[in-house]
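Novice: model the structure of this input:
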Amino acid sequence: MMRMGGSSAPSKKVNRATLKRVAQLFRPYRFEVAMTAICVIASSLLGILPFLFLGTIVDQGIAHNRLDVTARYSLYTIALTFIASALMLYYGYLSVVVGQHIMRDLRNKLFDHLQGMSMKFFTSTRVGEIQSRLISDVSGVQGVLSSTVSDALSNITTVVSALVTMFALEWRLALLSVGILPIFAIAGSRIGGIARKVTTGMQKQMAELNAMMGETLSVSGVLLIKTSGRRSLVAQRFGVENESLSGWQVKAQMIPYYFFGLIRFIFSLTPALVYWVAAYLIFKGDKLITIGLLVVFTSLQSRLFFPLTGLLNVQVQLTSALGFFDRIFEYMDIPQDIVDRPDAITLDAAKVTGRVEFKDVIFSYEEEAEVPTVQDISFEAEPGQLVALVGPSGAGKTTLTYLIPRLYDVSSGSVSIDGIDVRDIKLESLGEVVGAVTQETYLVHATVAENLRYGKPDATDAEIAEAAKLAAIHDHIAGLPEGYETLVGERGYKLSGGEKQRIAIARAILKNPRILILDEATSALDTASERLIQNSLKTLMAGRTTFAIAHRLSTILAADLILVLQGGQIVERGRHHDLLAQNGLYAKLYNEQFMEQEQVAVL
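Specialist: Purely as a prediction, here's the structure:
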């Protein structure tokens, strides 16, 4: 699995950088954020008035038996509460919409970024880890994005207005209440730091578990486990990883208990202190403290402390969410090593002839590799030619074909199409003129028709059927319960290897590329089907540059150029009869296969 950099305890500088990037996510929604702020401030300021009305009701209404005063200010309270609640509902809606849109944007940006990564990234990173970043981590910031800004602004406005009102009513009691505030600040800072570390650890462990489940619960994984008798071993490994995740989740779920336990203690302590001090002042003959003032003051304390609790909760949520954001940004910051150059051109597919040239090509999968995977590769493939790549396993045949559509970039030298370096061609344009049928056929969990339309999204039903006929798969598809609308299953598991490969060939036929790559395209077919496919491929290859990788040398006897690779180098080149006459590696491989076929025929 690819290990990403990053510390479990990021510095304050990193925190500020992350916060700045999070703030930039809100930029496209400035109007909605501004409207949210206006509604939040208005709702919070209106919310302070009912507390003042309460003092009037107690001192001037109830204390003097004035029903009219009590009724009037009660109606004022009801009206203001209704208005404040309506504003709260509206800004809550805006907050949720903005939050969901930002999550959508994050997923889109991350998915688009990952789509632009080279094959090197995907061959060194587990699918479960990628899915965890894209789904779990993005979902983990939902609460923060949906409510943090509005909650923080609402709580700040409420706290400030409550403090101003409390000091205006009775500064001595207000000082007593303010004296408790440092406890909130210290508690929030420490709990928030712990929450972030716990969240980061929990997400890493969850990604590990997701990766393991992706590997073991896939069709291929289950098949491997069942056929190797390793069910108990895999279950044991899963139990260890699951136990570790459970430990992190216990820590995460205990944080709110610590937090609200402290808050409950402070909430119980502060009113008692206020009553104690107020009683002392009243007994000393202070006439400014009335019952109504005391009721208003203690009510404002809840108005003060509940928002403070909310602010601390926002702090805890934000510091926890920074762990999610760090993981998301970590992937988004991985540079894409294969991208369009600023002056890259778009090929006109209709005008591309398909001439391919390799010139002094050297390539290594790892930069620090002592011996390149392929080296000193130079040859030309003219339009309409069939170029066969043969040689023992690991000779570099498939690697060479990867360099044509820029799945990887050459370490040195160049690969060109019609005299244009592929690095000077836009990737999307390059993908339009190069088609491939790989050894490992991949089908998505969709219908047969949908899989075929990957070759040509706007293909008609007639075009799909014609491509399937050329690939000798139409009759089989027509015989399925739902024909072309039949679901193929995960990775096409409802189909045989030969059927999947013929669908892949039909997909390539439908795409109609100028350059065609066939990587063991008929390896999963029986002899009869292979003959049908070979005839179809002859039609497909006409006028197109075709690169065919084949261990069955009988399939490439008519190739215009055969390149024999060994150890990443071209050791022989020519046509079939010329290479046989050289009595080199090609002749050895051909004779070995011919003898094997004779032995099989005898058996």
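Novice: in stretch 474-494, what counts as buried?
Specialist: Under the neighbour-count criterion of 16 or more other Cβ atoms under 10 Å, stretch 474-494 has 474, 476-477, 480, 484, 486-488, 491-492, 494 buried. Where you see a C-beta, it was placed from the backbone N, CA and C, and this is true even at glycine.
Novice: please read the previous query as pertaining to stretch 441-450.
Specialist: For stretch 441-450, a neighbour-count test (16+ other Cβ under 10 Å) marks 441, 443, 446-450 as buried.
Novice: related to what we said a few turns ago, what's the lowest-pLDDT member of the buried residues of stretch 474-494?
Specialist: Lowest pLDDT of the buried residues of stretch 474-494: residue 491, 67.
Novice: quick check, central residue of the chain?
Specialist: Central residue of the chain (Cα atoms, centre = their mean): residue 134, 2.4 Å from the mean position.
Novice: with adjacent residues omitted, what lies nearest to that one?
Specialist: Excluding the flanking residues, the one nearest residue 134 by Cβ to Cβ, 6 or more residues apart in numbering is residue 110, at 5.7 Å.
Novice: on that earlier part again, in CSV: the buried residues of stretch 474-494, plus distance to residue 402.
Specialist: Listed next are the buried residues of stretch 474-494 as CSV, based on distance: Cβ to Cβ, whole Å:
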residue, distance to residue 402
474, 31
476, 31
477, 30
480, 33
484, 31
486, 32
487, 31
488, 26
491, 21
492, 22
494, 29
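Novice: picking up where we left off before, can you give me the neighbour number for the residue nearest to residue 134?
Specialist: Number of residues near residue 110 (other Cβ atoms under 10 Å) recorded here: 19.
Novice: what residues are up against it?
Specialist: Residue 110 makes contacts with 133-134, 138, 328, 331-332, as judged by Cβ atoms under 8 Å, 6 or more residues apart in numbering.
Novice: toward the C-terminus, what is the element adjacent to the helix or strand encompassing it?
Specialist: In this assignment (DSSP states H and E), residue 110 forms part of helix 67-115. Where DSSP H and E defines the elements, the next helix or strand beyond helix 67-115 is helix 119-123.
Novice: give me the mean pLDDT for that following helix.
Specialist: Averaged across helix 119-123, pLDDT comes to 79.
Novice: pull out the buried positions in that helix.
Specialist: Buried residues in helix 119-123, counted by 16+ other Cβ under 10 Å: 120-121.
Novice: residues contacting that helix, please?
Specialist: 2, 114, 334, 337, 365, 402, 407-408.
Novice: any chance of the residues you listed in a markdown table, plus pLDDT and distance to residue 23?
Specialist: Shown next, in a markdown table, are those (pLDDT from 0 to 100; distance: Cβ to Cβ, whole Å):
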| residue | pLDDT | distance to residue 23 |
| --- | --- | --- |
| 2 | 40 | 29 |
| 114 | 84 | 24 |
| 334 | 85 | 22 |
| 337 | 83 | 29 |
| 365 | 86 | 39 |
| 402 | 90 | 41 |
| 407 | 87 | 37 |
| 408 | 89 | 37 |
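Novice: which one of those residues is nearest to residue 179?
Specialist: Nearest to residue 179 out of these is residue 334 (Cβ to Cβ; 49.0 Å).
Novice: correct me, but residue 63 touches residue 292?
Specialist: Yes. Taking contacts as Cβ atoms under 8 Å, residue 63 lies within contact range of residue 292: 7.2 Å.
Novice: who's more crowded, the two?
Specialist: Between residue 63 and residue 292, counted using other Cβ under 10 Å, the more crowded position is residue 292 (18 against 13).
Novice: sorry, back to before: please report how far the residue nearest to residue 134 lies from residue 337.
Specialist: Per Cβ to Cβ, to the nearest Å, residue 110 is found 17 Å from residue 337.
Novice: repeat for residue 347
Specialist: Applying Cβ to Cβ, one obtains 22 Å for the distance of residue 347 from residue 337.
Novice: cool, and residue 361?
Specialist: 17 Å.
Novice: more crowded one of those two?
Specialist: Higher neighbour count among residue 361 and residue 337: residue 361, with 21 against 12, using other Cβ under 10 Å.
Novice: and that one, what element?
Specialist: Assigned by DSSP H and E, residue 361 falls within strand 356-363.
Novice: quick one: buried residues of that strand?
Specialist: For strand 356-363, burial by neighbour count (16+ other Cβ under 10 Å) applies to 356-358, 361, 363.
Novice: what's the local residue count around residue 250?
Specialist: Residue 250 sits with 11 neighbouring residues when counted by other Cβ under 10 Å.
Novice: hang on, I meant residue 558
Specialist: Residue 558 has 11 neighbours, counted by other Cβ under 10 Å.
Novice: what's the span of stretch 406-415, first residue to last?
Specialist: Terminal residues of stretch 406-415 are spaced 9 Å apart (Cα to Cα, to the nearest Å).
Novice: chain center to it: distance?
Specialist: 27 Å (Cα atoms, centre = their mean, to the nearest Å).
Novice: and it, what's buried?
Specialist: Neighbour count says stretch 406-415 has 406-408, 410-411, 413-415 buried, by 16+ other Cβ under 10 Å.
Novice: next one: stretch 161-172
Specialist: Neighbour counts over stretch 161-172 (16+ other Cβ under 10 Å) mark 161-163, 165-166, 169-170 as buried.
Novice: rewinding a little: format the contacts of residue 110 as CSV; extra columns: distance to residue 534 and pLDDT.
Specialist: Shown next, in CSV, are the contacts of residue 110 (distance: Cβ to Cβ, whole Å; pLDDT from 0 to 100):
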residue, distance to residue 534, pLDDT
133, 44, 79
134, 42, 77
138, 48, 78
328, 49, 85
331, 44, 85
332, 46, 86
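Novice: list just the nearest of those to residue 542.
Specialist: Comparing those against residue 542 with Cβ to Cβ places residue 134 closest, at 42.4 Å.
Novice: wait, that closest one sits on residue 109?
Specialist: No. Judged on Cβ under 8 Å, residue 134 makes no contact with residue 109 at a distance of 10.6 Å.
Novice: now name the helix or strand holding residue 376.
Specialist: Using DSSP H and E, residue 376 falls in strand 374-381.
Novice: relative to strand 374-381, how tilted is the helix or strand just after that strand?
Specialist: Later in the chain than strand 374-381, the nearest helix or strand by DSSP H and E is strand 386-390. On the basis of axes from the mean of the first three to the mean of the last three Cα atoms, to 10 degrees, strand 386-390 is oriented at 160 degrees to strand 374-381.
Novice: domains of this structure: list them as residue ranges, please.
Specialist: Following automatic domain parsing, the chain resolves into domains at 18-332, 356-602.
Novice: residue 342 is nearest to which of those domains?
Specialist: Residue 342 sits nearest to domain 356-602 of all the domains of the chain, at 10.5 Å, using Cβ to Cβ.
Novice: follow-up on the earlier one: out of the buried residues of stretch 441-450, which comes closest to residue 538?
Specialist: Distances from residue 538 to the buried residues of stretch 441-450, taken as Cβ to Cβ, are shortest for residue 441 (20.6 Å).
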